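Trainee: show me the folded form of this:
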Amino acid sequence: MACALSLTACAVGQRPYFTDTPARVIGETTGDAAIDAVLTRFDSVTTGPVSARYDVLVKYGMSTTYAEVVLVTGRRSIIIGNVHYIQTETEAATCMVDQSQPCSGGFNPQAVSNWNITYDFYAAEAAQRLRRDAMSKVGPSVGHQESIGGLPATCVDVPLPNGTAVYCVLDDGMLALVDDGDVRVTLTSVTDEIDNTKFVVPAG
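Mentor: Numbers count the residues shown, from 1 in each chain. The predicted model follows:
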């Protein structure tokens with residue numbers, strides 16, 4: 001969804017990347033029907049209302065955390081571990097869930113760099129990962145349908161030199177699963193019920 005302040009303005013510092021291979025741009029297809037079926041959904045992700053919860057596993061060190069994405073047109077809340085990104089029509093901030101530190105203006109991607117994902121993990125980053133993997137595949141991809149978080153998901157298995165990466169997406173464009181050499185992010189629940197307190201930037 002569009003950032004009222006522009007995400008390039010919201011970000012502080014360089015965003016994490018996972019390969020030196022240049023990524024294709026949003027909307028660009030790969031020519032692989034199974035991959036493109038997933039990509040087109042990621043590229044047209046819903047603006048809400050939606051509230052989705054995820055389990056995040058970082059495979060190096062086998063660390064796990066919780067993630068949550070809440071979207072309403074013009075607003076979004078992304079929680080990854082103890083980091084809470086809040087965006088409204090008028091401001092964007094990076095906060096701590098436990099309020100152990102004051103909020104800072106804009107979106108700071110480095111705050112979650114230890115989890116090998118970014119605040120866009122639920123769609124835009126997943127699409128970027130998939131486009132990069134599409135350029136590195138060593139065999140034909142395999143498309144399939146799964147049920148994840150109680151909802152149907154369109155999936156693709158992409159064979160890579162070091163294993164197979166799996167990407168799954170819901171019909172509304174929200175990430176259902178990414179499982180690659182770095183992380184496994186799995187949707188655990190999704191609803192259209194919204195907690196508006198998620199969009200409140202704590203004072204101080």
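Trainee: tell me the centre residue of the chain?
Mentor: residue 121 (1.5 Å; CA atoms, centre = their mean).
Trainee: show me what contacts it?
Mentor: For residue 121, the contacting residues are 67, 80, 175, 178, 185, by CB atoms under 8 Å, 6 or more residues apart in numbering. To be clear about C-beta, it is placed using only N, CA and C from the backbone, and glycine gets the same treatment.
Trainee: and the first one, what element?
Mentor: The one in question is residue 67. strand 63-72 (DSSP states H and E).
Trainee: next: the fourth one.
Mentor: Element membership of residue 178, judged by DSSP H and E, is strand 175-179.
Trainee: quick one, that strand and strand 63-72 angle?
Mentor: Using axes from the mean of the first three to the mean of the last three CA atoms, to 10 degrees, one finds that strand 175-179 and strand 63-72 are set 160 degrees apart in direction.
Trainee: show residues contacting whichever helix or strand comes after strand 175-179.
Mentor: On the C-terminal side of strand 175-179, the closest following helix or strand by DSSP H and E is strand 183-191. Outside strand 183-191, the residues within contact range by CB under 8 Å, 6+ apart are 50-59, 67, 115-117, 121, 148-151, 153, 170, 174-179.
Trainee: which among the residues you listed count as buried?
Mentor: Buried by 16 or more other CB atoms under 10 Å: 50-54, 56-58, 67, 115-117, 121, 148-149, 151, 153, 170, 174-179, out of the contacts of strand 183-191.
Trainee: mean confidence score for the helix ranked longest in the chain?
Mentor: Taking DSSP state H as the criterion, the chain has its longest helix at helix 124-136. Averaging pLDDT along helix 124-136 gives 95.
Trainee: on that earlier part again, give me the angle between the strand holding residue 67 and strand 183-191.
Mentor: Using the same axes, to 10 degrees: strand 63-72 against strand 183-191 is 40 degrees.
Trainee: name every strand pairing with the helix or strand following strand 63-72 and say which way it goes.
Mentor: Remark: after strand 63-72, the chain's next helix or strand is strand 75-80, criterion DSSP H and E. Using DSSP bridges, the strands paired with strand 75-80 are strand 63-72 (antiparallel), strand 83-87 (antiparallel).
Trainee: fine by me, we can end here.
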